[in-house]
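Asks: fold the following and give me the result.
(chains A and B)
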Amino acid sequence: MSANIHKNTLPPQLRGWVLPLALLAAWAWAANAGWSDSPLLVSPLAVWERAVLQVRTGELWAGLSASLWRNAWGFAIGASAGLVFGALLGGSRWFDRLLGPSFHTLKQISLFAWIPMLSMWFGLGDAAKIAFIALAAFFPVVLNTCEGLRGVPREFIEVARVHGFSTWQLLGRVVAPAAAPSIFTGLQLSLIYTWLATLGAEYLMASGKGIGNTLIDGREHLWMDLVLLGIIVVGLVGAVLNWTLATLEKRLLAWRDRTVARY
Amino acid sequence: MTVQRSLTAPLPADGIGPPRLLFRPSLNWSVNWLWAWAVPLALLAIWQLASTRGWVPDQVLPAPRTVLNTFSDLLGSGELWSHLNISLVRVFAGFSIGLLGGLILGVAMGLSPLLRDYVYPLFKAFSQVPTIGWLPFLMLLVGIDESLKYLLIAKATLVPVAVNTCQGIQGVPHRFVEVARVYAFSRWQLLTRVVLPAATAPIWNGVRYGLTHAWLALVVVELLASSEGIGFLIVYGRQLFQLDVVLAAVLAVGMVGWALDKALQRTEDWLLRWRKSGF
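Replies: Sure thing, here's the model as predicted:
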């Protein structure tokens, strides 16, 4: 990438802005020129005004905080259950033989197919939503924790044995650090999935507040500006979640070459 | 190499995914089989007991026999099959569109740093919003007919395919390209003989995630906005408070998911068969 000489004079850092700005300009122009009187063709300004209104009335924050709160609970429950289950699956042959096949069968069920069942068992309130989000968090954490534990090289454990490590030392000093990158990948994936699941739960169990309900509301009332605002907020939250976990991972796993964590 | 680094950052619900097991218990097959069935059979027994003793009402959890009967009824009357058929057509149509788009975009971004500079940031912003987030927008834009399903499934497929293809091509060792230069390969030869074969494994990974996400997107869109298809069958059962229909349909969803996964694994073994000789 270093020696690329292009006739193009735009510096590389600015190139990424060209397409989005062009799209924005085209959109604004199309909305202003009055191509169609469809209520769906809203101007970028309308989205901005909607954003200001939503922030001022506190509606945006009410929805967003409800969603994030659900997301956090679901993630906490699902990820901690997943860590325990994944550790048992990866660490114990008996456990793997007993529950591994059942687990791998259950994970084939498309995530959202659980919603109708969960809503019949837990109602349409927060309990069902959090149960669903926890389920979404559970699967990737289990898979990656299990994989991380199994990926610990045998030599590491042999060395620890030679040095007379106790079981706790072995787990804390050798196994956990060696499995950490994979476990982090699982947590990261699971956070992404929970955000997806939060939206899905709010669409399909449309009661109460949440950013998903905001989007659905916008669709029902044909408020394109609200829908677009919702999409932007959802994207931003996803990006922030990603960034937070990536930063955390970099801090915690600074000693390790990042590429090892990839598959 | 800042661009390279940003490309390895995880995208939402795409890119990296569940790994496959490296380790298999080495006991013989029948013993493993017995162990594997112990828990499901025990659960089934408890379920049966719960329904015969009336611990839980039928609306909350119908008896296993009811579910099985419903399943065979749905299968026998051809209803299940016609719903499944509709769903599968949707998945493959949307998946094919997304696959083609994702491969083109991924190859283009992988080969041309200039194009990557221009397109990647927009692509990344687009992919930050989960597929399901685009659903209300698309529903407003194109209504709730077939094109909505195709578009949503295509989007779900496109993102992981494009990301993995792009990364895979960038990850092709420079030595390979240098050797090809020495042999004076044309651009086309370079692409088809060197770059694409070397990047097969990551590209294939992208295709796998693409299909998984396509199936996920299909179920969501059918749950929310459809009057036919396997997802609709689930909603329909839910609305009538017939949990046996719901469970039977979920069983079918799980089976198709499993079959798709197996088919992909077989294809992968076939595609990467040349690799085995190396180990």
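
Asks: just checking, B:P136 touches A:V234?
Replies: No - checked against CB atoms under 8 Å, the pair B:P136 and A:V234 is beyond contact range at 10.3 Å. All C-beta atoms are positioned from the backbone trio N, CA, C, and that covers glycine.

Asks: who touches both of those two?
Replies: Shared contacts of B:P136 and A:V234 (CB atoms under 8 Å, 6 or more residues apart in numbering or on different chains): A:L215.

Asks: which sections of chain B are below the confidence cut-off?
Replies: B:1-29, B:274-279 (pLDDT under 70).

Asks: need the residue closest to the centroid of the chain.
Replies: The chain I'm using is chain A. Among the residues of chain A, the one closest to the centroid is A:I192, at 1.1 Å (CA atoms, centre = their mean).

Asks: looking at chain B here, not the other one
Replies: Per CA atoms, centre = their mean, the C-alpha nearest to the average position across chain B is that of B:T212, at 0.8 Å.

Asks: look up how far B:S96 lies from that residue.
Replies: As judged by CB to CB, to the nearest Å, B:T212 and B:S96 stand 16 Å apart.

Asks: repeat that for A:A206.
Replies: Applying CB to CB, the value for A:A206 to B:S96 is 32 Å.

Asks: quick one, helices of the stretch 101-250 of chain A?
Replies: Ranges of helices within the stretch 101-250 of chain A are A:114-122, A:126-150, A:154-162, A:167-169, A:176-204, A:211-220, A:224-252, based on DSSP state H, counting those that start in this stretch.

Asks: TSV please, covering those helices and showing mean pLDDT.
Replies: Formatted as TSV, the helices of the stretch 101-250 of chain A follow (pLDDT from 0 to 100):
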stretch	mean pLDDT
helix A:114-122	87
helix A:126-150	92
helix A:154-162	84
helix A:167-169	85
helix A:176-204	89
helix A:211-220	89
helix A:224-252	89
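
Asks: Throw the ones you listed into CSV and include distance to B:W55, thanks.
Replies: Converted to CSV, the helices of the stretch 101-250 of chain A look like this (distance: least, CB to CB, whole Å):
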stretch, distance to B:W55
helix A:114-122, 14
helix A:126-150, 20
helix A:154-162, 46
helix A:167-169, 41
helix A:176-204, 28
helix A:211-220, 34
helix A:224-252, 40
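
Asks: tell me the contacts of the closest residue to B:V129 other than its chain neighbours?
Replies: In space, B:V129 comes closest to A:G235 once its chain neighbours are excluded; the distance is 4.0 Å by CB to CB, 6 or more residues apart in numbering or on different chains. By CB under 8 Å, 6+ apart, A:G235 lies in contact with B:A125, B:Q128, B:V129, B:G133.

Asks: farthest-apart pair in these, please.
Replies: Farthest pair in those (CB to CB) is B:A125 and B:G133. Separation: 12.2 Å.

Asks: those two: who's more crowded?
Replies: Between B:A125 and B:G133, B:G133 has the larger neighbour count (other CB atoms under 10 Å in any protein chain shown), namely 27 against 16.

Asks: is that one within a helix or a strand, and which one?
Replies: Element membership for B:G133, per DSSP states H and E: helix B:131-142.

Asks: just list what the helix or strand following that helix packs against, helices and strands only.
Replies: Going down the chain from helix B:131-142, the next helix or strand is helix B:146-170, by DSSP H and E. In terms of contacts (3 or more CB pairs under 8 Å, 6 or more residues apart in numbering or on different chains; DSSP states H and E), helix B:146-170 is packed against helix B:2-8, helix B:79-111, helix B:113-128, helix B:131-142, helix B:200-224.

Asks: tell me if the helix holding B:G133 is near chain A.
Replies: Yes - counting by CB under 8 Å from any CB of the partner chain, chain A has neighbours in helix B:131-142: B:T131, B:I132, B:G133, B:W134, B:L135, B:P136, B:F137, B:M139, B:L140, B:L141.

Asks: now the angle from that helix to helix B:146-170?
Replies: Angle, helix B:131-142 to helix B:146-170, by axes from the mean of the first three to the mean of the last three CA atoms, to 10 degrees: 130 degrees.

Asks: quick one: the host helix or strand of B:S72 near chain A?
Replies: B:S72 belongs to helix B:64-76 when assigned by DSSP H and E. No - counting by CB under 8 Å from any CB, chain A is not contacted by helix B:64-76; separation bottoms out at 11.6 Å.

Asks: next, the buried residues of that helix.
Replies: B:P64, B:T66, B:V67, B:T70, B:F71, B:L74 (16 or more other CB atoms under 10 Å in any protein chain shown).

Asks: pretty sure the fourth one sits against B:L243.
Replies: Spelled out, that is B:T70. No - at 9.5 Å, B:T70 does not count as touching B:L243 under the criterion of CB under 8 Å.

Asks: which residue is the nearest non-sequential neighbour of whatever residue of the stretch 1-150 of chain A ends up closest to chain B?
Replies: Distances between the stretch 1-150 of chain A and chain B by CB to the nearest CB are smallest at A:G16, namely 3.3 Å. Leaving out its chain neighbours, the residue that sits closest to A:G16 by CB to CB, 6+ apart is B:P121, at 3.3 Å.

Asks: also A:N71?
Replies: Using CB to CB, 6+ apart, the closest residue to A:N71 is A:T198 (4.6 Å).

Asks: same thing with B:E222?
Replies: B:E222 sits nearest to B:G231 (CB to CB, 6+ apart), 2.5 Å away.

Asks: show me what contacts that neighbour?
Replies: Counting by CB under 8 Å, 6+ apart, B:G231 has contacts A:F112, A:A113, B:S87, B:L218, B:V219, B:V220, B:V221, B:E222, B:L223, B:V253.

Asks: any idea which helix or strand carries it?
Replies: Taking DSSP H and E as the criterion, B:G231 maps to helix B:230-239.

Asks: buried sites along that helix?
Replies: When burial is assessed from 16+ other CB under 10 Å, helix B:230-239 yields the following buried residues: B:I230, B:G231, B:F232, B:L233, B:I234, B:V235, B:Y236, B:G237, B:R238.

Asks: and which of those residues is nearest to chain A?
Replies: For these, the closest approach to chain A (CB to the nearest CB) belongs to B:R238, at 4.0 Å.

Asks: measure that closest one to B:M139 for me?
Replies: From B:R238 to B:M139 the distance is 20 Å (CB to CB).

Asks: for the stretch 1-150 of chain A, which segments count as strands?
Replies: Remark: no strands are assigned in the stretch 1-150 of chain A by DSSP state E, counting those that start in this stretch.

Asks: could you list the low-pLDDT ranges of it?
Replies: In the stretch 1-150 of chain A, residues with pLDDT under 70: A:1-9.

Asks: how about 90 then?
Replies: Across the stretch 1-150 of chain A, the ranges flagged by pLDDT under 90 are A:1-20, A:25-47, A:49-50, A:53-55, A:58-60, A:90-111, A:113, A:116-126, A:147-150.

Asks: can you pull the contacts of the residue lying closest to B:V142 once chain neighbours are set aside?
Replies: Leaving aside its chain neighbours, B:V142 sits nearest to B:L148 (5.3 Å; criterion: CB to CB, 6+ apart). By CB under 8 Å, 6+ apart, the residues touching B:L148 are B:L138, B:M139, B:V142, B:V221, B:A225.
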